[in-house]
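**Q** Here is the input, now give the coordinates:
(chains A, B, C and D)
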There are 2 protein chains.
Amino acid sequence: MSGPTPPICPDPAAALPLCSGGGGQVSHAIARVARAHRITAGNLLRKLGLYAGQELLMMRLWEAGPQRQAELIKLMGLDPSTVTRMVQRLEQAGLVTRSPCPGDRRAVLVETTAAGEALRKEVEQVWQELEERTLAGLPEDDRKELTRLLSHLEGNLTGC
Amino acid sequence: MSGPTPPICPDPAAALPLCSGGGGQVSHAIARVARAHRITAGNLLRKLGLYAGQELLMMRLWEAGPQRQAELIKLMGLDPSTVTRMVQRLEQAGLVTRSPCPGDRRAVLVETTAAGEALRKEVEQVWQELEERTLAGLPEDDRKELTRLLSHLEGNLTGC
DNA sequence: GCGCATTACTTGGCCGGCCAACATAATGGA
DNA sequence: TCCATTATGTTGGCCGGCCAAGTAATGCGC
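**A** Numbers count the residues shown, from 1 in each chain, chains lettered A, B, ... in the order given. Just a heads-up that it's a prediction; the model follows:
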């Protein structure tokens, strides 16, 4: 063995493409890229004690300040149960507090703790690093084009 | 209520983009597209009794025939434990059989059942439908460009 | 032949996600 | 006023994924 943090690769042996005659080329590509991307993000975030996905919730809080859980759910487009448990874990990790929302006894107010706030810069660095790795070797034109295309796909897929 | 299969949307309210000054635009886009894509796939596959991800394993088996589990793991680039449990569930669902591999008592041979084989056409149709929805409104040039760009990203992210 | 590293797989634990079912609180109309 | 409807969260269950640790069989060097 070499170091304490073994350099974990996203895909030791990159998944071989299905040569299936027919459709699904882009779909397969999306799935593979997304997984590699998530794994890379997870590896970077692990050093900060976060799991992939949690950083997005923290980012919302950093930007928008204390939020009702319902607002987080709407903002992130996730299932309520997902957010409930995520917030519970972040609270347990000491990064977030949950308090009863004044004026609405159903609601829960979520806000960052000092420890949570302290992570902000590091997480932003991680995301910058992630973005750089993702886009490495792509000229500006291609990046713009990629953004446009992804945006189009998102529109297609979220249009119900 | 309207129908027995309520038209479930990938993202009822599409996640608002983080206007965060700084990096992560493409990373966020990838994450959102991937989730919407997976949800769409899941909705289509549910009708066939499959969960998103399982269809990939079945496709490998359909194309490459009976496989040792180790081969599936290498082909799909997944964690061994993931494949073990996936295959167990597919076996329980009657789509796959697991038998001791002749000549190597460690190994497990996985092959499709008749029921599993019967799903092939439907799954391929689902993937075609998924591909169409994903790429709707994109001219051929853009599709080629998208494929090229995704391929580049994959290279970046799986290059360890 | 013997022993040790490697390979193949399994299990337990955890997280992000989803759906379904539920309890509670707020709101709006008859 | 009171009740039905809606909004807010929570829990249980399930799946795809991951890592870590462990078992069993194979194979290789000596």
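**Q** and A:T113, how many residues sit next to it?
**A** Residues near A:T113, counting by other C-beta atoms under 10 Å in any protein chain shown, number 15. Bear in mind the C-beta positions are built from the backbone N, C-alpha and C, glycine included.
**Q** Just the pLDDT for it.
**A** On the pLDDT scale, A:T113 is placed at 98.
**Q** For it, give its distance to A:L56.
**A** Distance from A:T113 to A:L56, counting by C-beta to C-beta, to the nearest Å: 18 Å.
**Q** ditto for A:R98
**A** 18 Å.
**Q** try A:Q25
**A** Distance of A:Q25 to A:L56, given as C-beta to C-beta: 29 Å.
**Q** Compare neighbour counts for the two and give me the winner.
**A** Counted by other C-beta under 10 Å, A:Q25 and A:L56 do not tie: A:L56 has more neighbours, with 21 against 18.
**Q** On the pLDDT front, check that one for me.
**A** pLDDT, A:L56: 97.
**Q** just to confirm, which helix or strand has it in it?
**A** Under the criterion of DSSP states H and E, A:L56 resides in helix A:54-64.
**Q** Briefly note if that helix comes near DNA strand C.
**A** Yes. Interface with DNA strand C: helix A:54-64 contributes A:Q54, A:L56 (C-beta under 7 Å from any atom of the strand).
**Q** again, but for stretch A:43-50
**A** No. Stretch A:43-50 stays out of contact with DNA strand C when judged by C-beta under 7 Å from any atom of the strand, the minimum separation being 7.6 Å.
**Q** tell me which residues of that stretch are tucked away?
**A** In terms of neighbour count (16 or more other C-beta atoms under 10 Å in any protein chain shown), stretch A:43-50 has its buried residues at A:N43, A:L44, A:L45, A:L48, A:L50.
**Q** Same list, the residues you listed, but as JSON lines with distance to DNA strand D and pLDDT please.
**A** As requested, the buried residues of stretch A:43-50 are arranged in JSON lines below (distance: C-beta to the nearest atom of the strand, whole Å; pLDDT from 0 to 100):
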{"residue": "A:N43", "distance to DNA strand D": "8", "pLDDT": "94"}
{"residue": "A:L44", "distance to DNA strand D": "13", "pLDDT": "95"}
{"residue": "A:L45", "distance to DNA strand D": "12", "pLDDT": "96"}
{"residue": "A:L48", "distance to DNA strand D": "16", "pLDDT": "95"}
{"residue": "A:L50", "distance to DNA strand D": "14", "pLDDT": "97"}
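**Q** Grab the nearest non-local neighbour of A:P102.
**A** Excluding the flanking residues, the one nearest A:P102 by C-beta to C-beta, 6 or more residues apart in numbering or on different chains is A:L109, at 7.9 Å.
**Q** right, and that neighbour touches A:P66 too?
**A** Yes. When contacts are counted by C-beta atoms under 8 Å, A:L109 is listed as touching A:P66 (5.7 Å).
**Q** where in chain A is pLDDT low?
**A** The model of chain A has pLDDT under 70 over residues A:1-23, A:159-160.
**Q** Break down chain A into its strands, ranges please.
**A** For chain A, the strands defined by DSSP state E cover A:67-68, A:96-100, A:108-112.
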